[in-house]
Each structure stands twice: as C-alpha cells, then as structure tokens.
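1. pasting a predicted model and its sequence here:
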Amino acid sequence: MKFIHTIGESGRTCKNTLNLLKYKFLMGWLALNFTDLGNVYWDNKETLEDKLIVNYLNVSNINADDMYILYDAASDERKQKSKIYKRKIDADICICSESLLKYTIKEITGKSLIKKDISIAYEYNEFGKPYLKSNNLFFNISHSSEWIAVVCDLAEVGIDIERIRPAEPRMICRLFSDEEIGYINSGLCSERHRRFTKLWTIKESYVKYIGTGLLTSLKSFRVDVSNKRIIDLCDTDNYDVIKYSKETVPNYYMSVCSKNEQALIKEIKLEDLFMDF
C-alpha cells in the first residue's frame, strides 16, 4: 500500500472505558444525522478520485472568530447538537467535524461543500451508520480529545483515533483473543500501552468498516498485526482491510480499515478549512 503521510507539530475502570467506547461510537455515527442537508449527488463514479483520503485536524487552538465562521456555515441540526455539550472543545469538535468532512469530500469530488447554501444528502443502514445518499462515496469520522479524523473512499471505510492509554487487565481479558493478549504483554511498559491502543483502534475501525458497530463483539475476531489482517474467529475467514495503524501524532494512535490500496493521509490545518469562504 502506498502512503503519502504528513505529520504536523503537535485509570478509568473497564466498565467506564466500555461505556466511553459505546458513547463515542454512537456519537460518531448518529450525531451525523444532518436532516437539513439538501441534495448534492455524484452520479458518475468515474469522476471521483479513486483513492482513500484520510484527513486529521487539531482544534485545540481555534479562535472565536474562526469558530463563528464555521458555525455559521454548519447545518442547523449540527448547530443544535453543538449546544448540548458543556465543554467548549466538545462543541467545537461537533462543528469542525462537519467542516472537515466537507473539506475531505471536496478533495475527492472537486465540489465545494463548505458554504451554507451547498449541502449533502444522507441515508443510514439498519445499524445507524451514515452514508452519502448517492451511494458512490463512503465516509467515517472519529475524534479523541482535540483531534478529529475523517476518511472518505469509494467503498466501505472505518476509522478510529485514540489517545494512547494504559492497558487495563480486565478489559484486555474481556475483549481480546489469547494471541492479541500475548502481543500486548510482550511489550515493555509504555510499549504495552501502545500495543493495546493500536489493537483497540484497529478493532473499532473494523466494526465501523463493516457497519455493525458494537453489535459485533470485539472478541469475535482477532487482529493479525504482522500480516495486517482481520481473522474472523467464527468462520476463520481472513480480511485484508487493515490499511493504516500508526502513532500518527505524539500520544495518539489512528487506524483505518479499507480495501483501497492507494491512500493519502495528512494533517489539515485550520486555515485550510477557510479556503472556500
């Protein structure tokens, strides 16, 4: 797989962690229910760039003036959703996620979607995963702390970004296979935490990729790290879909699942989002 990758500057309990995963997963999908977005379709698949695009953005230093511009261009429903958050960073992420998604779509389609009068239509699968209504372009979104990551492709995709955190023994036993546990425990201290987070992000990006979310048990499949494969423990099938899994920025791991062999992975600066204004 070919990558163009640009790097920019940059003791909770098992139960709480699982609840956090569930919350993040649902918010990552269901919060994208932009019912006020209108009608932008791409009927000719050949006009789209046939490559996987992953953009990630840090919003920790966004100022009030910039947020006002992005907020004004956001969908009405996204504005309402941003108001439910108590922390400013969460509200900013809610708005910026939509802006980054539109920016990424433009890179593939060549169509600007940033301004308020240009919109997109969405539909959902039976598990709540959102799709563009044209069915030609697929996307997925993840965020952790001040980082947002978006992936777009012409086929199914899944992405997860997480801050590197300590490996919790009870959680490892509950969610990982014996082979995965051996891989985690063979690392020394900080490396063990990295291996834990690496597997965690791969697993979450995979269940988002297949579109079932947490209805698929994380222990029903295992990650073959050395061969970059997912092995289904029920039917022993192998899936060559792990396309990226690295410490993308210091202390954060990001993983992507897709069948595309061409990938463009890069950090987007806040000023990039304002190119079309």
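-> Arrived safely. Numbers count the residues shown, from 1 in each chain.
2. and stretch 130-138, how far apart are its ends?
-> One end of stretch 130-138 to the other measures 9 Å (Cα to Cα, to the nearest Å).
3. typo on my end, stretch 62-81
-> 19 Å.
4. can you pull the buried residues of that stretch?
-> Applying a neighbour-count criterion of 16 or more other Cβ atoms under 10 Å, one finds 62, 66, 67, 70, 71, 73, 74, 75, 77, 78, 79, 81 buried in stretch 62-81. All C-beta atoms are positioned from the backbone trio N, CA, C, and that covers glycine.
5. now do stretch 224-241
-> Judged by neighbour count (16+ other Cβ under 10 Å), stretch 224-241 contains these buried residues: 224, 225, 229, 230, 231, 239, 241.
6. could you do stretch 157-164 as well?
-> For stretch 157-164, by 16+ other Cβ under 10 Å, it's 157, 158, 159, 160, 161, 162, 164.
7. what are the ranges of the helices in the protein?
-> Ranges of helices in the chain, per DSSP state H, are 14-30, 64-73, 76-82, 88-109, 169-175, 178-185, 189-210.
8. okay, these in TSV with distance to residue 265 next?
-> TSV is the format used below for these (distance: least, Cβ to Cβ, whole Å):
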stretch	distance to residue 265
helix 14-30	19
helix 64-73	23
helix 76-82	25
helix 88-109	11
helix 169-175	26
helix 178-185	24
helix 189-210	13
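9. redo the ones you listed as a markdown table? Include mean pLDDT.
-> Compiled in a markdown table, the helices of the chain are given as follows (pLDDT from 0 to 100):
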| stretch | mean pLDDT |
| --- | --- |
| helix 14-30 | 39 |
| helix 64-73 | 91 |
| helix 76-82 | 81 |
| helix 88-109 | 90 |
| helix 169-175 | 91 |
| helix 178-185 | 95 |
| helix 189-210 | 94 |
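10. out of those, which gets nearest to residue 145?
-> Taking Cβ to Cβ, helix 88-109 is the member of the helices of the chain nearest to residue 145, at 7.7 Å.
11. quick one, the closest one and helix 64-73 angle?
-> 60 degrees (axes from the mean of the first three to the mean of the last three Cα atoms, to 10 degrees).
12. keeping just the C-alphas, turn helix 88-109 into PDB.
-> Presented in PDB, the C-alpha positions along helix 88-109 are these (Å, rounded to 0.1, in the frame of the first residue of the first chain):
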ATOM      1  CA  LYS A  88     -16.300  24.300  24.600                       C
ATOM      2  CA  ILE A  89     -13.900  21.800  23.000                       C
ATOM      3  CA  ASP A  90     -16.700  19.300  22.500                       C
ATOM      4  CA  ALA A  91     -18.900  21.900  20.900                       C
ATOM      5  CA  ASP A  92     -16.100  23.000  18.600                       C
ATOM      6  CA  ILE A  93     -15.400  19.400  17.600                       C
ATOM      7  CA  CYS A  94     -19.100  18.900  16.800                       C
ATOM      8  CA  ILE A  95     -19.000  21.800  14.300                       C
ATOM      9  CA  CYS A  96     -15.500  21.200  13.000                       C
ATOM     10  CA  SER A  97     -16.200  17.500  12.200                       C
ATOM     11  CA  GLU A  98     -18.800  18.600   9.600                       C
ATOM     12  CA  SER A  99     -16.400  21.100   8.100                       C
ATOM     13  CA  LEU A 100     -13.600  18.600   7.900                       C
ATOM     14  CA  LEU A 101     -15.900  16.100   6.300                       C
ATOM     15  CA  LYS A 102     -17.000  18.600   3.600                       C
ATOM     16  CA  TYR A 103     -13.300  19.500   3.000                       C
ATOM     17  CA  THR A 104     -12.400  15.900   2.500                       C
ATOM     18  CA  ILE A 105     -15.300  15.300   0.200                       C
ATOM     19  CA  LYS A 106     -14.200  18.200  -1.900                       C
ATOM     20  CA  GLU A 107     -10.700  16.600  -2.300                       C
ATOM     21  CA  ILE A 108     -12.300  13.600  -3.900                       C
ATOM     22  CA  THR A 109     -15.200  15.200  -5.900                       C
END
